[in-house]
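Q: Only the shape, not the letters, is given here:
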């Protein structure tokens, strides 16, 4: 069994699970747990190959991408698999095996959480 952690989901109003992670950076200081969660996400995206793979999946027209369609990032196929595994372990990608191929997708809640994290909180009067 793996010792990896995935980004936890938080409950939004109406108890709809939406987003992993944290409040906007400008809202308040992170708790230790929020900082750990955000750091795992940023660490996973801190590698240029992983960032390219994440971008390829996120921008794929079908909303998901077969590994066969996104593996041309200048590294070997085993290295692509390693990087996709790291993105999945960080909670940034979900995958589904269909026959011999694996399809990856970015959950909309992940993109929303990343956007929220980097959004400036409105100034209070």
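A: All right, it came through fine. The model shown is predicted, which means the values in this text are computed figures rather than measured ones.
Q: Show me the shaky parts of this structure.
A: Across the chain, the ranges flagged by pLDDT under 70 are 1-21, 121-125.
Q: switch the cut-off to 50
A: 1-19 (pLDDT under 50).
Q: any chance you could map the helices in it?
A: 32-45, 48-58, 67-70, 77-89, 108-117 (DSSP state H).
Q: how about the fourth one: buried residues?
A: This means helix 77-89. Residues of helix 77-89 classed as buried by neighbour count (16 or more other C-beta atoms under 10 Å): 80, 83-84, 86-89. From N, CA and C alone the C-beta is placed, and that goes for glycine too.
Q: what about the nearest residue in space to residue 64 that is not next to it in sequence, how many neighbours?
A: Once flanking residues are discounted, residue 64 sits nearest to residue 105: 3.9 Å by C-beta to C-beta, 6 or more residues apart in numbering. A count of neighbours around residue 105, defined by other C-beta atoms under 10 Å, yields 17.
Q: Report the contact partners of residue 105.
A: Neighbouring residues of residue 105 by C-beta atoms under 8 Å, 6 or more residues apart in numbering: 57, 63-65, 93-96.
Q: Pull the most distant pair out of these.
A: Within the contacts of residue 105, 63 and 95 form the most distant pair, 13.4 Å apart (C-beta to C-beta).
Q: more neighbours, the two?
A: Shown here are residue 63 and residue 95; by other C-beta under 10 Å, residue 95 has more neighbours (15 against 11).
Q: what bridges to that one?
A: residue 104 (DSSP bridges).
Q: Tell me if I'm right that it and residue 103 touch.
A: Yes: contact criterion C-beta atoms under 8 Å: residue 95 and residue 103 qualify, at 6.6 Å.
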